[in-house]
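Undergrad: When you get a sec, could you give me coordinates for this:
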Amino acid sequence: MAEFQPFVPADQRPPELTFRALLLGSIFGLIFGAVTVYVGLRAGLTVAASIPIAVLSISILRAFGRASILENNIVQTTGNAGQSIASGVIFTLPALVFLGFDLEYSRIFMLALIGGWLGVLFMIPLRRQLIVQEHKALPYPEGTACADVLIAGEKGGSLASRVFVGLGLGGVYTLFQNKNLFGAWPGQPEYQPDFGPQHVMKGASINADATSEYLGVGYIIGPRVAGVIFAGGVLSWLVIMPLIYFFGKDLSHPIYPALVPIAQMDPWALWATYIKPMGAGAVAAAGVVTLIKTIPTIVGALTAGFRTMHPGKADVAKPIRTENDLSMSVVIIGSVLIVACMFLFLEFKPVPGAFVGWAANLSASLLVVVFGFLFVTVSSRIVGLVGSSASPVSGMTIATLMATAAVFLLQGWTAPAFGALAIMIGGVVCIAASNSGDTSQDLKTGYIVGSTPRLQQIALMIGVVVSTIVIGFTLNLMNTGLQEFDAASQPWNISAPHPGVTVQRDTQNLPNLIRVEAPDGKTTTTHRKSEYILLNAIGSTELQDGKYLYAPATGRIEVHWIQGIGSAAAPAPQARLMATVINGILSRKLPWGLVLIGVSLVIAVELLGIRSLPFAVGAYLPIGTTLPIFVGGAVRWLVESMAKRRGEADAESDISPGSLYASGLIAAGGIVGLIGVALKAYEATAGKGDILNFPHTFLDNDYVSVLAFGALAYSLYYFARKPLKR
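TA: Here you go, the predicted model:
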């Protein structure tokens with residue numbers, strides 16, 4: 001069999017790790033890192049960024065003179081680090097909010113940096129085995145597709161124009177659709193069925209957060225996965241919630257974990273109270289099932305990975321350019337430094353209330369490296385077989401959390417602060433596994449096009465540092481910009497003991513001027529921060545988990561402070577799952593009946609032969625998220641059906657017109673949506689009113705919202721069917 005020959009031969013040395021390539025890649029890392037945080041917290045899904053970055057790089061660098069294919073590869077390698085790091089962060093670290101802790105920027109930055117570097121370092125000794133020696137056995141689908149894009153761009157042809165069209169139209173649509181900006185029409189049309197005197201279907205809701213990014217995500221993941229996700233939403237919102245109302249409407253007392261009778265709950269309250277715990281149980285079970293299914297692959301990955309740690313004599317000679325990796329000494333020294341950094345961070349900036357001593361902190365630091373190497377090896381091999389989207393990173397993280405929490409339980413460390421410490425350990429491992437998967441895809445791309453591995457690995461390290469800067473900022477921005485202060489008056493004796501409720505002294509994240517929304521959702525009143533005492537409820541039988549504002553003047557809790565992360569606008573399902581796992585083990589206070597219903601649902605879905613993880617995520621998310629994603633998948637089905645009917649080959653792929661346009665829609669929704677979140681964060685901190693107050697007109701109607709979203713969906717179909725210019 002002939003030896004593989006890369007696109008750029010080893011004896012050629014075109015420009016590669018140039019300043020402009022690193023600069024452009026860093027800019028893309030910042031942009032796509034922020035966009036991934038925004039879309040991932042809202043949709044519970046992330047989309048690979050390497051292909052759109054490669055497409056944009058080809059066009060932008062071409063405008064500034066001739067660029068080599070290796071320069072464009074460095075751009076996508078550096079930029080893609082932002083997406084992969086952000087994915088690992090949003091799946092775990094927002095759980096700190098659900099455990100009652102603030103999202104400190106320095107903590108997020110350090111954990112993301114350590115996890116990102118682990119993912120890159122541990123892929124260095126694995127590259128030769130996974131990328132080179134198993135080139136035929138491990139296709140790395142996203143990496144191969146990205147290489148095809150780079151080679152197509154080198155040969156000529158315009159791919160970026162379709163991304164820019166999606167970016168432009170999606171940006172204009174989001175500007176008028178997003179309620180944080182102009183909000184010219186309702187951003188989320190809703191219909192709550194209630195038929196006849198028996199109130200048939202009451203408790204259900206059909207709504208859609210009609211955003212451009214959800215439409216684009218649905219198109220890229222395809223009709224099959226989009227349909228399974230939506231099926232989970234249909235079950236939760238159109239079957240289980242009406243059943244809860246039907247059986248509970250005549251009860252005069254609350255049913256745990258609710259604090260009010262079911263008859264007084266609207267669909268959103270039913271979802272937050274009953275569906276969230278059920279969905280968390282489903283996602284946890286689906287993650288474990290996925291992990292169990294991949295045990296043979298995991299064993300094979302570990303065996304092959306350890307074999308690569310014993311190089312033979314042939315490896316001693318100076319390698320050719322396309323086989324020149326960073327040395328093993330870099331890996332060893334880097335690992336020691338990471339252990340030291342993690343230890344110092346835990347020792348000198350511990351989680352408040354989780355002081356465990358230097359020996360435990362050193363053990364935790366070593367545990368991070370051990371679990372990190374284990375799951376980096378596993379993740380990088382699995383993505384080679386099935387792609388990044390199917391990698392069971394959440395299952396690996398659950399395994400890490402369960403092992404860590406079990407040790408804490410044996411030590412008697414059961415306070416919420418120790419849950420936060422476990423989340424930090426699991427978060428670093430999750431980030432490392434997520435980044436190693438995308439790192440291996442990037443190295444596969446480089447192997448095909450003929451890049452220098454050592455230069456790619458340096459670019460990856462730089463990309464990790466740069467993208468980490470924006471991720472913590474974006475998380476805090478969304479937590480602030482999407483927060484709500486809802487009137488929730490109830491009597492409260494602050495002098496009496498309330499298990500699970502504490503007074504929080506640190507109120508720096510509470511704005512000075514607080515706009516409280518009335519129960520009707522139409523009027524607001526403004527209050528000063530000094531009027532309230534901040535309460536934090538975790539595991540209370542009197543209050544739902546969250547933060548509350550107590551007014552000494554009235555002797556009542558007056559306001560429920562709903563954090564942006566965890567709200568309907570940014571549900572963060574994976575992070576909620578991680579918090580549920582930790583709480584379940586450490587506090588042993590969970591609505592286990594609801595959690596086990598979610599587990600049973602997953603077992604039923606698996607018996608039907610359907611992948612349970614997308615279904616479980618759909619069952620957890622609001623139907624307002626899953627419905628527009630399903631519409632995007634339906635558009636993809638129409639495009640593929642029309643192409644098949646006309647006998648067109650290869651109608652849809654990662655570099656098809658529709659996928660490129662959809663990538664533009666996702667980027668537009670993320671970028672413009674983040675501008676809206678930043679605007680709301682400014683209004684909240686500065687005590688301003690609505691700066692962009694679009695006048696109420698005939699457009700302020702749910703039908704207009706549906707028609708506008710339908711027009712955007714048609715534009716997706718049109719540009720997916722319109723061939724690219726060659």
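Undergrad: Pull out the buried positions in stretch 711-726.
TA: Leu712, Ala713, Ser715, Leu716, Tyr717, Phe719, Ala720, Arg721 (16 or more other CB atoms under 10 Å). (C-beta placed from N, C-alpha, C; glycine too.)
Undergrad: Can you tell me what sits against that stretch?
TA: Residues outside stretch 711-726 that contact it (CB atoms under 8 Å, 6 or more residues apart in numbering) are 156-159, 161-162, 165-166, 169-170, 173, 212, 215-216, 219, 631-632, 635-636, 638-639, 642-643, 652, 656-658, 660-662, 665.
Undergrad: Which ones among the buried residues of stretch 711-726 map onto helices?
TA: Leu712, Ala713, Ser715, Leu716, Tyr717, Phe719, Ala720, Arg721 (DSSP state H).
Undergrad: shouldn't Ile114 be in contact with Cys341?
TA: Yes - here Ile114 lies in contact with Cys341, judged by CB atoms under 8 Å, at a distance of 6.0 Å.
Undergrad: which of those two has more neighbours?
TA: Between Ile114 and Cys341, counting by other CB atoms under 10 Å, Ile114 is the more crowded of the two (27 against 15).
Undergrad: and the ones in helices among the buried residues of stretch 711-726 as a markdown table, adding distance to Pro189?
TA: Shown next, in a markdown table, are those (distance: CB to CB, whole Å):
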| residue | distance to Pro189 |
| --- | --- |
| Leu712 | 14 |
| Ala713 | 14 |
| Ser715 | 19 |
| Leu716 | 19 |
| Tyr717 | 21 |
| Phe719 | 24 |
| Ala720 | 24 |
| Arg721 | 27 |
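Undergrad: Any stretches of the stretch 601-726 of the chain with poor pLDDT?
TA: Applying pLDDT under 70 to the stretch 601-726 of the chain picks out residues 649-655, 684-690, 693, 726.
Undergrad: Just the helices from it, written as ranges.
TA: Taking DSSP state H, counting those that start in this stretch as the criterion, the stretch 601-726 of the chain carries its helices at 612-620, 623-645, 657-686, 702-721.
Undergrad: between the longest one and helix 702-721, what angle do the directions make?
TA: Here helix 657-686 points in a direction 140 degrees away from that of helix 702-721 (axes from the mean of the first three to the mean of the last three CA atoms, to 10 degrees).
Undergrad: Which neighbouring elements make contact with helix 657-686?
TA: If you count contacts as 3 or more CB pairs under 8 Å, 6 or more residues apart in numbering; DSSP states H and E, helix 657-686 packs onto helix 19-43, helix 50-63, helix 160-177, helix 212-235, helix 453-481, helix 623-645, helix 702-721.
Undergrad: Could I get the buried residue list for that helix?
TA: Quick answer for helix 657-686 (16+ other CB under 10 Å): 657-681, 683-684.
Undergrad: Same question for the second one.
TA: For helix 623-645, the buried set under the neighbour-count rule, 16+ other CB under 10 Å, comprises 623-640, 643.
Undergrad: Neighbours of the residue nearest to Phe109 when sequence neighbours are not counted, how many?
TA: Of all residues not flanking Phe109 in the chain, Gly472 sits nearest, at 5.0 Å (CB to CB, 6 or more residues apart in numbering). Close neighbours of Gly472, defined as other CB under 10 Å, add up to 22.
Undergrad: Next: Gly119.
TA: Using other CB under 10 Å, Gly119 has 32 neighbouring residues.
Undergrad: contacting residues for it?
TA: Going by CB under 8 Å, 6+ apart, Gly119 touches Ser84, Gly372, Val376, Ile431, Ala432, Ala433, Ser434, Asn435, Ser436, Thr439, Val464.
Undergrad: For it, which non-adjacent residue is closest in space?
TA: Asn435 (3.1 Å).
Undergrad: and the helix or strand encompassing the one you found, average pLDDT?
TA: Using DSSP states H and E, Asn435 sits within helix 416-449. In this model, helix 416-449 carries a mean pLDDT of 89.
Undergrad: can you state the direction angle for it and helix 453-481?
TA: Using the same axes, to 10 degrees, the inter-axis angle of helix 416-449 relative to helix 453-481 is 140 degrees.
Undergrad: buried residues in helix 416-449?
TA: Result for helix 416-449 [16+ other CB under 10 Å]: buried residues 416-449.
Undergrad: next one: stretch 16-34
TA: Residues of stretch 16-34 classed as buried by neighbour count (16+ other CB under 10 Å): 16-18, 20-22, 24-34.
Undergrad: any idea how far Arg721 is from the nearest residue to Leu660 once chain neighbours are set aside?
TA: Distances taken as CB to CB, 6+ apart put Arg162 closest to Leu660, at 4.1 Å, once the chain neighbours are dropped. Distance, Arg162 to Arg721, using CB to CB, to the nearest Å: 12 Å.
Undergrad: list residues touching both of those two?
TA: Pro657.
Undergrad: Can you pull out the low-pLDDT segments for the stretch 101-250 of the chain?
TA: 155-160.
Undergrad: Now with 90, please.
TA: 101-104, 122-167, 178-184, 187, 196-199, 213-214, 216-218, 220-222, 225, 229 (pLDDT under 90).
Undergrad: Report the distance from the helix holding Asn435 to the chain centre.
TA: Here helix 416-449 shows a centroid-to-chain-centroid distance of 13 Å under the convention CA atoms, centre = their mean, to the nearest Å.
Undergrad: ok, back up a step: now the helices of the stretch 601-726 of the chain in JSON lines, with distance to Gly287?
TA: Below are the helices of the stretch 601-726 of the chain laid out as JSON lines (distance: least, CB to CB, whole Å):
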{"stretch": "helix 612-620", "distance to Gly287": "7"}
{"stretch": "helix 623-645", "distance to Gly287": "19"}
{"stretch": "helix 657-686", "distance to Gly287": "25"}
{"stretch": "helix 702-721", "distance to Gly287": "31"}
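Undergrad: Could you tell me which residues make contact with the nearest residue in space to Asn701 that is not next to it in sequence?
TA: In space, and not counting its chain neighbours, Asn701 is closest to Trp185: 6.8 Å by CB to CB, 6+ apart. Neighbouring residues of Trp185 by CB under 8 Å, 6+ apart: Phe176, Gln177, Leu699, Asp700, Asn701, Val704, Ser705, Ala708.
Undergrad: among those residues, who's most crowded?
TA: Top of these by neighbour count (other CB under 10 Å): Gln177, with 28 neighbours.
Undergrad: Give me the buried positions along the helix or strand encompassing Leu346.
TA: Following DSSP H and E, one finds Leu346 within helix 328-348. Buried residues in helix 328-348, defined by neighbour count with 16+ other CB under 10 Å: Val330, Val331, Gly334, Ser335, Ile338, Val339, Met342, Phe343, Phe345, Leu346, Glu347.
Undergrad: Let me know the closest of the residues you listed to Arg381.
TA: Of all those, Arg381 sits closest to Val331, with 17.8 Å by CB to CB.
Undergrad: I'd like to know how many residues surround the nearest residue to Ala569 once chain neighbours are set aside.
TA: Residue nearest to Ala569 in three dimensions, not counting chain neighbours: Leu482, with 4.6 Å by CB to CB, 6+ apart. Counted with other CB under 10 Å, residues neighbouring Leu482 total 24.
Undergrad: pretty sure Leu482 contacts Gly676?
TA: No - if you go by CB under 8 Å, Leu482 and Gly676 don't touch, sitting 9.8 Å apart.
Undergrad: wait, doesn't Ala518 sit right on Thr524?
TA: Yes - Ala518 lies in contact with Thr524 (CB under 8 Å); the separation is 6.8 Å.
Undergrad: mind listing the strands for the stretch 501-650 of the chain?
TA: Using DSSP state E, counting those that start in this stretch, the strands of the stretch 501-650 of the chain run over 501-503, 513-517, 524-528, 533-537, 546-551, 556-562.
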